[in-house]
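Undergrad: Mind folding the following:
(one chain, ligands or ions: 1)
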Amino acid sequence: MKRIWKKSLDEINPYIPGKPIEEVKRELGLSDVVKLASNESPLPPSPKVIEAIKREAANVNRYPDGGGFYLKKAISGKLGLPAANIVLGNGSDEVLTTLLRTFIEPGDEIVIAKPTFLMYKISAAIEGAVVREVPMIDFKYDIDGMLKALGPRTKALIIANPDNPTGTYVNIGQLERIIEELSPDILLVLDEAYYEMARGGDYPESVDYFKKGMNNLVIARTFSKVYALAGLRAGYAIMDKDIAALYDKVRDPFNVNSIAQAAAIAALEDEAYMNKVLDIIRKGKERFYSFFENMGVEFINSRTNFVLVKIGADSSPFSKALLKKGVIVRDMSAWGLDGYIRVNAGTESENDKFCQAFEEALGERR
Ligand SMILES: Cc1ncc(COP(=O)(O)O)c(C=O)c1O
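TA: Residues are numbered from 1 along each chain as shown. Next up, the predicted model:
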């Protein structure tokens, strides 16, 4: 075919997801494989959610509610905000992609950190944006650097709070500084995929700033993590109602399927189950911290369910060695972090298997 596709695609590397369990079983002939590579929930969805999924399955001859009335109502009730301030997406990935499609003209700029969630760069670059990446300092956000990188063509400052893959975060003081200095004509996008895990201490409750009238603030959240619905795809964002109206022009009319909507509503209602998931994550992470300390391995303190771990110069063969032992983690080379892996907390037995495989792989290397 003649070259008729978008020029912007030439510069883009596709997103590489964590390997699925079945693929690893098939390729390596293993029967027992654990996946700690995509920051998913350690538990399946709550029994109440599974019931809701079964109930809704009987209605899938119908199109979903394109406006997501009941899901928006459930979210707005929880947050104490009008439904007009909520938009929905097929995962928060789609929320962010749609937002960028809504705002970016070729040549516009976005400012992000490095390293951060890879989809910001990919989605913005597809729209022809210039992506200004501001290196973190000691794996923490460089607030000064990001503010300095803003320019007349900047459309959005996008911050994963907490960040993936570092697990570090922008605290209350830092957020207030950004809010003070940011032009009202630039969007501040806070991607809070790990919000429920990060809450407390000096982690900011961003919705309060929105309620105080910061209408260039967009807060994206997801049902993929503590609500255990990664496979169904449901995310949402809080934004000014005029921006939400623009977003709704751009999104697909039926972007969140009816099973995902029903499941997300049931998940929001089952707070006890979410707390159980949070508890398992907390214990798993504490276990990892003490394990890495005992092994003399460096890691970054994280406000999420995953930990960035320093392996040394050879993270790719190390990840492969873990894979052969039936443990899928994320090799961080694609993020430009050669020598690091990222592992998320799983169930107790999954964490056991990881720790054993890690110790063996380290021994084989030494
Ligand atoms: C920071 C961050 N944002 C967004 C996402 C995407 O989540 P979703 O499943 O809602 O698309 C992830 C997934 O890992 C993430 O780490």
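Undergrad: show me the contacts for the closest residue to the ligand within the chain.
TA: Taking C-beta to the nearest ligand atom as the measure, the point where the chain comes nearest the ligand is residue 91, at 2.8 Å. In short, each C-beta sits where N, CA and C put it, glycine included. When contacts are counted by C-beta atoms under 8 Å, 6 or more residues apart in numbering, residue 91 touches 222, 224, 230, 233-235.
Undergrad: among the residues you listed, who's most crowded?
TA: In terms of neighbours by other C-beta atoms under 10 Å, those top out with residue 234 at 30 neighbours.
Undergrad: right, and that one touches residue 263 too?
TA: Yes: Residue 234 sits in contact with residue 263 when judged by C-beta atoms under 8 Å, with a separation of 7.2 Å.
Undergrad: Give me the common contacts of the two.
TA: With contacts taken as C-beta under 8 Å, 6+ apart, residue 234 and residue 263 have residue 223 as neighbours in common.
Undergrad: Going along the chain, name the strands of the stretch 151-300 of the chain.
TA: 154-160, 187-191, 217-222, 235-238 (DSSP state E, counting those that start in this stretch).
Undergrad: What's the local residue count around the closest residue in space to residue 20 that isn't next to it in sequence?
TA: The shortest distance from residue 20 to any residue other than its chain neighbours is 7.5 Å, reached at residue 35 (C-beta to C-beta, 6 or more residues apart in numbering). The burial count assigned to residue 35 is 19, neighbours taken as other C-beta under 10 Å.
Undergrad: How about the contacts made by residue 35?
TA: 18-21, 24, 328, 346.
Undergrad: residues in the stretch 101-250 of the chain within reach of the ligand, list them.
TA: Counting by C-beta under 6 Å from any ligand atom, the positions of the stretch 101-250 of the chain adjacent to the ligand are 117, 160, 164, 191, 193, 222, 224, 230, 235.
Undergrad: before we move on, back to that, any chance of the strands of the stretch 151-300 of the chain in CSV with mean pLDDT and distance to residue 206 as columns?
TA: Below are those laid out as CSV (pLDDT from 0 to 100; distance: least, C-beta to C-beta, whole Å):
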stretch, mean pLDDT, distance to residue 206
strand 154-160, 98, 10
strand 187-191, 98, 5
strand 217-222, 98, 5
strand 235-238, 98, 8
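Undergrad: Now tabulate those strands in a markdown table and tack on distance to residue 354.
TA: Shown next, in a markdown table, are those (distance: least, C-beta to C-beta, whole Å):
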| stretch | distance to residue 354 |
| --- | --- |
| strand 154-160 | 24 |
| strand 187-191 | 26 |
| strand 217-222 | 24 |
| strand 235-238 | 28 |
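Undergrad: Which among these is found nearest to residue 351?
TA: When these are compared by C-beta to C-beta, strand 217-222 sits nearest residue 351, at 23.0 Å.
Undergrad: Next, the nearest residue to residue 353 once chain neighbours are set aside: phi, psi?
TA: In space, not counting the residues next to it along the chain, residue 353 is nearest to residue 34; the distance is 5.3 Å by C-beta to C-beta, 6+ apart. Comment: the main-chain dihedrals of residue 34 come out as phi -120, psi 140, following degrees, to the nearest 10.
Undergrad: In terms of pLDDT, where does residue 34 sit?
TA: With respect to pLDDT, residue 34 scores 96.
Undergrad: excluding its backbone neighbours, what's nearest residue 30?
TA: Leaving aside its sequence neighbours, residue 30 sits nearest to residue 326 (C-beta to C-beta, 6+ apart; 4.9 Å).
Undergrad: swap that for residue 361, please
TA: When the adjacent residues along the chain are set aside, residue 361 lies closest to residue 321, with 4.2 Å between them (C-beta to C-beta, 6+ apart).
Undergrad: What of residue 17?
TA: residue 38 (6.7 Å).
Undergrad: With residue 300 instead?
TA: Nearest non-adjacent residue to residue 300 (C-beta to C-beta, 6+ apart): residue 308, at 4.5 Å.
Undergrad: before we move on, what SS does that neighbour have?
TA: Residue 308 falls in the strand class when you classify it by DSSP: H, G, I helix; E, B strand; the rest coil.
Undergrad: mind listing what it touches?
TA: The contact partners of residue 308, by C-beta under 8 Å, 6+ apart, come to 139, 165-167, 299-300, 302, 332, 337, 340-342.
Undergrad: Show me how the record splits this structure into domains.
TA: For the chain, automatic domain parsing gives the domain ranges 7-44+272-365, 48-270.
Undergrad: Report the buried residues of stretch 272-288.
TA: For stretch 272-288, the neighbour count (16 or more other C-beta atoms under 10 Å) marks 273-274, 277-278, 280-281, 284-285, 287-288 as buried.
Undergrad: mind putting those in TSV, distance to the ligand and pLDDT included?
TA: As requested, the buried residues of stretch 272-288 are exported to TSV (distance: C-beta to the nearest ligand atom, whole Å; pLDDT from 0 to 100):
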residue	distance to the ligand	pLDDT
273	19	98
274	16	97
277	15	98
278	17	98
280	18	98
281	14	98
284	17	98
285	16	97
287	21	97
288	18	98
